[in-house]
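Visitor: model the structure of this input:
(one chain, ligands or ions: 1)
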Amino acid sequence: MIKKQIIGYTLALSLILASLFTAKPVFADISAGKYFNVKYTHTKKTYSKKAIAARYQNTLIKSTMPGFVDSSYSMYSAYYLAKNGKKLGLTYKYNSSTKKITMKRSGKTLVMTLNSKKATLNGKSTTLSKAPIKVYFISKKKNYIMIPGATVAGKLGLKYSWNQRLLSGIFSLPSASTTTATTASKTPTSSAVVAPKTKITASSSNYSIRIKKPSGLSNSSITSEDDYNNKRLQLKIKGDYRTHFTSSSNRTIRNSLSYSVSYQGGYTYINLKTSSIKGFSTTVNSTYIYVTYAAPTSMYQKIIVVDAGHGGTDSGAVGNGLYEKNLTLSIVKQIKYYFDRNANYKVYYTRLTDTYPSLSARYTLANNVGAHRFLSVHINSATASSKGTETLYYSKGGKTGTLTGKGLATIVQSKLQSTTKFTNRGLQDRIPGKNPGGVAVLTYTKMAASLGEVGFITNKTEATYMKNNTAAIGKAFYNGILSSY
Ligand SMILES: [Zn+2]
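Guide: A predicted model of the protein is given here:
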């Protein structure tokens, strides 16, 4: 539903933007993050554990037995790593009478013993940072051998890093390049979370800031997050390195940015704040962390802004026990799920929580980052018998190259309506000053913009469908954007 809007330039936008977006990335994997109960066979104690996942590069390694953290070591089912992490080339055997666990890879044989840190690698003794354990997965009524992922990967010549956002241990082959501090893979993939590709890469010859790494800090302990809502890049380093990172002798700043260090929950954060929203590239080598920034349009090839309609105190349309603001947010989170797995696009979201960004904050974000597409997600409302899918645009609105708002709306409507299979209400040109009036996010955006009204919240059948099919609707919007290129 679109309310009639009077648009004014109100508050300092930077203030609005800084306060609006507080969302952290939403975790989208099915199993990780959920709690489950395990009983340790050696202590007979039962624990509620938060599930973590194992991934080969960006692909989830399927496992009936979730991983979990035990005294800060990530433990994974050895059986499933070998069985489903095929590309890792691991084999696994367990001898229940000797309690020996044998894992092999590429000419290396690691023999471990349950509940012991002592192991052998190709017959020579070696020490594990954490002993393998046997646990009973209560809901499955089965025992599993759990091995410490990082230490086993290291012994068998694999790379391992931890991704907090995905709650996943990332296993990769030694040849796979992991020069960036983010979890980006060089190859875009359709099935896993990746960071957007950048046109510019931070390096020893091209950086805005160079920060010396503390000795002994592994590259995998450093991750970065584009906290665009706060106009900053946040580097997250496992451990307390406040003294090191606070010392000004450990950094060289070439382009102006504000540098600050904080510490929370076992992590040191380096906050690199810029005067406006920037795109960032981060590279880590054995000595330094390099970060370079540039305007988003200089940094990214394809920039999208996705807007979940309404939010916070503005519930939008209400009907059949549903609020428009919640449905639009659920759909946008699904859109994000797909974009998180596609490195070709940089996507900014006007909101990822139940907050109300002003209309001007929404289109200003799109204009400031130089977005190439703007997509707003809404749900219609009228009478109980009103029905159908429609998409709005503004005929005199912004364009991206030859793509008009109408052009984008045509594609979005087609993808959306063929998914919902609701009555096709077609496109609506929303002209300011005429009835039913303009729509701020279509009137003031400088790029091709469209607004999808998925269906009617006041129609019981459509409301039920929308509530139960946010994933399919999200995918339809995502496909609409992709098809527009
Ligand atoms: Zn609406």
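Visitor: from here on, contacts and neighbour counts on C-alpha atoms
Guide: Fine.
Visitor: so what's whichever residue of the stretch 1-150 of the chain sits closest to the ion closest to, chain neighbours aside?
Guide: Sorted by distance to the ion under Cα to the ion, the residues of the stretch 1-150 of the chain start with M1, at 3.1 Å. Counting by Cα to Cα, 6 or more residues apart in numbering, M1 lies nearest to N380, which is 4.4 Å off, once chain neighbours are set aside.
Visitor: near the ion, which residues of the protein are found?
Guide: Applying Cα under 5 Å from the ion, we find that the chain lies next to the ion at 1-2, 378.
Visitor: just for the stretch 351-485 of the chain, where's the confidence low?
Guide: Within the stretch 351-485 of the chain, the set of residues satisfying pLDDT under 70 is empty.
Visitor: run a quick neighbour tally on the closest residue to M65 other than its chain neighbours.
Guide: Using Cα to Cα, 6+ apart and skipping the chain neighbours, the partner closest in space to M65 is S77 (6.4 Å). S77 is flanked by 26 other residues according to other Cα atoms under 10 Å.
Visitor: same thing with S258?
Guide: 12.
Visitor: quick check: bridge partners of it?
Guide: Counting by DSSP bridges, S258 forms beta bridges with K273.
Visitor: again with R105
Guide: Beta-bridge partners of R105, counted by DSSP bridges, are K108.
Visitor: could you do K100 as well?
Guide: Under the criterion DSSP bridges, K100 forms beta bridges with N95, T113.
Visitor: ok so, going back, can you pick the most crowded of the residues of the chain next to the ion?
Guide: H378 (28 neighbours).
Visitor: quick one: strands adjacent to the one helix or strand that residue maps to?
Guide: Secondary structure here is read from DSSP states H and E; on that basis H378 sits in strand 373-380. The strands beside strand 373-380 in its sheet (DSSP bridges) come out as strand 303-308 (parallel), strand 448-456 (parallel).
Visitor: just send those strands back as TSV, with mean neighbour count too.
Guide: As requested, the strands paired with strand 373-380 are arranged in TSV below (neighbours: other Cα atoms under 10 Å):
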stretch	mean neighbour count
strand 303-308	24
strand 448-456	29
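Visitor: now those in CSV, with distance to I331?
Guide: Compiled in CSV, the strands paired with strand 373-380 are given as follows (distance: least, Cα to Cα, whole Å):
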stretch, distance to I331
strand 303-308, 8
strand 448-456, 10
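Visitor: phi first, then psi, for the residue of the stretch 101-250 of the chain found nearest the ion.
Guide: Proximity to the ion, evaluated over the stretch 101-250 of the chain using Cα to the ion, is greatest for N229 at 22.7 Å. Here is the backbone geometry of N229 (degrees, to the nearest 10): phi -60, psi -30.
Visitor: just the pLDDT for it.
Guide: The predicted local confidence for N229 comes out at a pLDDT of 95.
Visitor: got it, and the one 10 residues further on?
Guide: Reported pLDDT at G239 in the predicted model: 95.
Visitor: number of nearby residues for it?
Guide: Taking other Cα under 10 Å as the neighbour definition, G239 ends up with a count of 16.
Visitor: and for K421?
Guide: Applying other Cα under 10 Å, we find 12 residues neighbouring K421.
Visitor: and it, its phi and psi?
Guide: Main-chain torsions, K421, degrees, to the nearest 10: phi 60, psi 20.
Visitor: again with L408
Guide: Phi and psi for L408, reported as degrees, to the nearest 10, are phi -70, psi -40.
Visitor: same check on Y136?
Guide: With angles defined as degrees, to the nearest 10, Y136 shows backbone torsions of phi -100, psi 120.
Visitor: bridged to it, which residues?
Guide: Per DSSP bridges, the residues bridged to Y136 are K39, N143.
Visitor: how close does it get to S376?
Guide: Here Y136 is placed at a distance of 47 Å from S376 (Cα to Cα, to the nearest Å).
Visitor: now the stretch 301-450 of the chain against the ion: closest residue?
Guide: For the stretch 301-450 of the chain, the nearest residue to the ion under the criterion Cα to the ion is H378, separated by 4.4 Å.
Visitor: list the contacts for that residue?
Guide: Counting by Cα atoms under 8 Å, 6 or more residues apart in numbering, H378 touches 1-2, 308-309, 324, 328, 451-454.
Visitor: kindly state the beta-bridge partners for it.
Guide: If you apply DSSP bridges, the partners that H378 bridges to are E453.
Visitor: just the helices in the stretch 351-485 of the chain please.
Guide: For the stretch 351-485 of the chain, helices defined by DSSP state H, counting those that start in this stretch occupy the ranges 359-368, 405-420, 440-443, 460-468, 470-483.
Visitor: just put these in JSON lines and tack on mean neighbour count and distance to Y241.
Guide: Converted to JSON lines, the helices of the stretch 351-485 of the chain look like this (neighbours: other Cα atoms under 10 Å; distance: least, Cα to Cα, whole Å):
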{"stretch": "helix 359-368", "mean neighbour count": "21", "distance to Y241": "34"}
{"stretch": "helix 405-420", "mean neighbour count": "23", "distance to Y241": "48"}
{"stretch": "helix 440-443", "mean neighbour count": "24", "distance to Y241": "44"}
{"stretch": "helix 460-468", "mean neighbour count": "18", "distance to Y241": "46"}
{"stretch": "helix 470-483", "mean neighbour count": "20", "distance to Y241": "40"}
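Visitor: looking at those helices, which is nearest to L173?
Guide: When the helices of the stretch 351-485 of the chain are ranked by distance to L173, counting by Cα to Cα, first place goes to helix 470-483 at 30.9 Å.
Visitor: for the residue of the stretch 1-150 of the chain closest to the ion, list the residues it contacts.
Guide: By Cα under 8 Å, 6+ apart, M1 lies in contact with 316-317, 324, 378-381, 453.
Visitor: now for the residues you listed: which two are most distant?
Guide: Greatest spatial distance among the contacts of M1 (Cα to Cα): G316 and E453, at 12.1 Å.
Visitor: how deep is S286 tucked in, by neighbour count?
Guide: When counting by other Cα under 10 Å, one arrives at 14 neighbours for S286.
Visitor: how about it, secondary structure?
Guide: Following DSSP: H, G, I helix; E, B strand; the rest coil, we place S286 in the coil state.
Visitor: that one and N250: what is the separation?
Guide: Between S286 and N250 the computed distance is 14 Å (Cα to Cα).
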